[in-house]
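Novice: need a 3D model of the sequence below.
(one chain, ligands or ions: 1)
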Amino acid sequence: MLEKSISKKIWNIVGQENVVADKETRICYSYDATNLKYLPDLVVYPTTREQISEILKLANEDRFPVIPRGAGTGFTGGTLPVEGGVLLVLTKLNKILQIDPENLLAVVEPGVVTFDLQKEVEKIGLFYPPDPASLKTSTLGGNVAECAGGPRAVKYGVTKDYVLGLEVVLPTGEIISTGVQTVKSVVGYDLTKLLVGSEGTLGIITKIILRLLPLPKDKRTLLAIFPTIETAATTVSRIIGSRIIPTTLEFMDNATIRCVEDYLHLGLPVEAGALLIIEVDGVPEAISQDIREIQKICLDHQALEAKVAKDAQEAEELWKARRSVSPAVVKLNPTKINEDITVPRSKVAEILRRVEAIAQKYNLIIVNFGHAGDGNIHVNVMIDRRRPGEEERAHAAVKEIFAATLELGGTLSGEHGIGITKAPYISMELGDMGLEVMKRIKKAFDPNNILNPGKIFPDKTKAKAY
Ligand SMILES: Cc1cc2nc3c(=O)[nH]c(=O)nc-3n(C[C@H](O)[C@H](O)[C@H](O)COP(=O)(O)OP(=O)(O)OC[C@H]3O[C@@H](n4cnc5c(N)ncnc54)[C@H](O)[C@@H]3O)c2cc1C
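Specialist: Numbers count the residues shown, from 1 in each chain. Okay, here's the model as predicted:
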């Protein structure tokens, strides 16, 4: 618990109206999109980078943890105050500072909601591609801290591919700018790349320079229905192998389709083994040709149907279905252990086979959906903790799924990060020395371990994995 005198000093820095200490509010900020809860001692809404700097300097003097938070949609507990302390909610830093069409860039504060930037730049024919399914809520600061991806990553890449530069308050309170406003630069270590995806452990992002693209002229969406997961997964490999790069290539298995249909009543094919939602964008002539070719590949690989959405509304309904998957699947069981393994694209069918075998071995419900086009599968182990032994079986299953993923040349997390939920497994991928180097980097930035302690590194992890 923070001493009263510290709370008072923080009031003096940000103003009393930007500090909340009552238990009700603290409970509201004690969770994210995991099922875990840790109560912060104080919730603070800074409005300038200088305030953040002052708070971090104070934290180093008085040794209390500081945890940055955007919208709290993270899936790995990255914003949970596992060791208590001050939760810095960055949503009041929410201005789009500049949109520069000549240099194709935008400068934003971290609290800007992802979708709000996308709508603003689209008004003038520009495009910010990263599109996490949470985009109507998540903040750009949170996206940068997690290096968020989304369906469009197949063609356009992820957040790190769009961050040109950052302004960051270091854990010690100093403020630095990294990166450039130019397309190229090779001056010194690439601190921007290091900070993107650092999960709020190396600095607090207060300004972001983002690269923009011209808005594609048109897009078409196709729904392909398959009798089995296997046929859908094979089709994914064939599409990529045919040298067409779709904008998105999303997949849902049968259990996911049923849950979403139950949730939204859109008329989805509940008997199908799997479905693919495929989008292509670009100039109209090229799109028509690509979508016809993709349609043919689907039908040649046993698709029961491959239907192009007739208009933007029908396409939007398909995307609504995809974006609703996370809330829809919880009807299966109250707790969702949500992993986002990624394998080489050619191994999607193989990993799904292995996950199925692991589900049977441990007698668990596992539903799969996600970004098949870049090999990023969301594997969701749905459990009810009240059933004796189920949680333990789930953890054993997750460990086996990770081992299988690494064996196939994959990675434990494509976009959700490590946070606290994956920390117990991180050395399976990095090895002891890889992890040790990361600990040294953390120490160089944050000698007193003030910023977001208890994250990423297993020895500091207080939480169990879910
Ligand atoms: C329904 C749903 C769908 C999702 N779909 C996707 C998806 O498709 N792709 C994907 O990648 N993720 C997805 N996510 C996960 C999540 O939305 C992303 O990780 C997102 O980037 C988190 O943004 P946020 O603003 O909510 O950050 P928070 O959850 O508040 O924070 C996430 C991490 O970033 C740190 N942080 C936040 N702001 C800053 C800052 N300014 N400076 C430094 N550190 C900071 C926090 O300390 C924490 O470690 C989904 C989540 C939900 C609930």
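
Novice: pull out the buried residues from the host helix or strand of Leu430.
Specialist: Element membership for Leu430 (DSSP states H and E) is helix 426-445. If you call a residue buried by 16 or more other Cβ atoms under 10 Å, then helix 426-445 has these buried ones: 426, 429, 435, 438, 442, 445. Using the backbone N, CA and C atoms, a C-beta is placed for each residue, glycine as well.

Novice: likewise for stretch 252-270?
Specialist: So, applying 16+ other Cβ under 10 Å, buried residues of stretch 252-270: 252-261, 263, 268-269.

Novice: so who does whatever residue of the stretch 351-466 of the chain ends up closest to the ligand touch?
Specialist: Residue nearest to the ligand within the stretch 351-466 of the chain (Cβ to the nearest ligand atom): Glu415, separated by 3.3 Å. Shown in contact with Glu415 (Cβ atoms under 8 Å, 6 or more residues apart in numbering): 132, 146-150, 153, 158, 340, 376.

Novice: of these, which are in range of the ligand?
Specialist: 132, 146, 148-150 (Cβ under 6 Å from any ligand atom).

Novice: how close does Leu39 sit to Asp22?
Specialist: The gap separating Leu39 from Asp22 is 12 Å, by Cβ to Cβ, to the nearest Å.

Novice: those two: which is more packed in?
Specialist: Leu39 (15 against 9; other Cβ atoms under 10 Å).

Novice: look up the closest residue to that one, ignoring the ones flanking it.
Specialist: Ser30 (4.7 Å; Cβ to Cβ, 6 or more residues apart in numbering).

Novice: how near is Val112 to Leu210?
Specialist: According to Cβ to Cβ, Val112 and Leu210 sit 10 Å apart.

Novice: let me know the helix or strand that Lys136 is in.
Specialist: Counting by DSSP H and E, Lys136 is found in no helix or strand.

Novice: then Ala255?
Specialist: helix 254-264.

Novice: for that helix, name the packing helices and strands.
Specialist: Applying 3 or more Cβ pairs under 8 Å, 6 or more residues apart in numbering; DSSP states H and E, we find helix 254-264 packed against strand 274-282, helix 312-323, helix 325-329, strand 365-371.

Novice: may I see the buried residues of the second one?
Specialist: Residues of helix 312-323 classed as buried by neighbour count (16+ other Cβ under 10 Å): 315, 317-319, 321-323.

Novice: and the shortest one, by the same measure?
Specialist: Burial within helix 325-329, assessed by neighbour count using 16+ other Cβ under 10 Å, is assigned to 325-326, 328-329.

Novice: what's the spacing between whatever residue of the stretch 151-300 of the chain ends up closest to the ligand and Ile365?
Specialist: Residue of the stretch 151-300 of the chain nearest the ligand, by Cβ to the nearest ligand atom: Gly200 (2.7 Å). Separation of Gly200 from Ile365 (Cβ to Cβ) stands at 32 Å.

Novice: follow-up on the earlier one: adding distance to the ligand and pLDDT, write the buried residues of helix 312-323 out as CSV.
Specialist: CSV is the format used below for the buried residues of helix 312-323 (distance: Cβ to the nearest ligand atom, whole Å; pLDDT from 0 to 100):
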residue, distance to the ligand, pLDDT
Ala315, 18, 91
Glu317, 18, 87
Leu318, 15, 87
Trp319, 12, 87
Ala321, 13, 87
Arg322, 9, 86
Arg323, 7, 83
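
Novice: quick one: Glu350 is in a helix?
Specialist: Yes - applying DSSP: H, G, I helix; E, B strand; the rest coil, one finds Glu350 inside a helix.

Novice: so the nearest residue to Leu332 once chain neighbours are set aside is in which element?
Specialist: Sequence neighbours aside, Met382 is the residue nearest to Leu332 in space, at 4.3 Å (criterion: Cβ to Cβ, 6+ apart). Per DSSP H and E: Met382 is located in strand 376-383.

Novice: what does that strand contact?
Specialist: 149, 153, 325, 329-330, 332-343, 348, 351-352, 355, 364-371, 390-391, 394, 397-398, 401, 414-415.
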